[in-house]
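Enquirer: Here you go, sequence then predicted model.
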Amino acid sequence: MKNNSHEETITCLVVAILYPVLAIVLYLLNGWILSLLWKWFMVTTFGLNPLTIAQAVGVSIIVGFLTRESGDYKKEERVGWQIIIPIFGVFIAPFLTLLTGYIVYIILIV
């Protein structure tokens with residue numbers, strides 16, 4: 001029983017350290033992708049000013065704040081791939097968005 005408590009403590013510490021780091025990385029990644037998509041579509045289509053990455057990070061934070069769903073999370077314990085797949089998906093989704101935007105930009109705009 002003591003070993004399980006030790007593992008839970010380590011898990012909590014790792015999550016407490018990694019979560020803020022991953023959140024910052026995701027905000028920067030989303031900002032970079034938003035700045036590219038903005039340049040490709042909003043600047044060329046509507047003549048708007050381009051967004052810097054810092055401005056795009058700010059917009060991303062605001063939109064995320066306004067559209068965040070409240071937690072109706074399941075309390076079941078996740079292990080192994082059940083933990084890794086959602087985290088992996090969070091990092092893959094922005095790149096899929098960028099790839100889709102790039103394809104549309106190349107086909108329709110350039």
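Expert: Cool, the structure landed. Numbering: from 1, shown residues only.
Enquirer: What helix or strand is residue 15 located in?
Expert: helix 2-37 (DSSP states H and E).
Enquirer: Downstream of that helix, the next helix or strand is which one?
Expert: Next along from helix 2-37, by DSSP H and E: helix 44-46.
Enquirer: ok, residues contacting that next one?
Expert: residue 109 (Cβ atoms under 8 Å, 6 or more residues apart in numbering). C-betas here are computed from N, CA, C, even on glycine.
Enquirer: Find me the pLDDT at the residue nearest in space to the middle of the chain, would you?
Expert: In the chain, the centroid-proximal residue (Cα atoms, centre = their mean) is residue 26; its distance is 4.1 Å. Listed pLDDT for residue 26 reads 91.
Enquirer: what's the helix or strand for the residue lying closest to it once chain neighbours are set aside?
Expert: Nearest non-adjacent residue to residue 26, counting by Cβ to Cβ, 6 or more residues apart in numbering: residue 90, 6.6 Å away. Element membership for residue 90, per DSSP H and E: helix 81-104.
Enquirer: If you count neighbours, what's buried in that helix?
Expert: Across helix 81-104, burial judged by 16 or more other Cβ atoms under 10 Å covers 94, 98, 101.
Enquirer: Quick one: list the elements packing against the helix holding residue 15.
Expert: Here helix 2-37 is seen to pack against helix 53-67, helix 81-104 when contacts are counted using 3 or more Cβ pairs under 8 Å, 6 or more residues apart in numbering; DSSP states H and E.
Enquirer: Sweet, I'm off.
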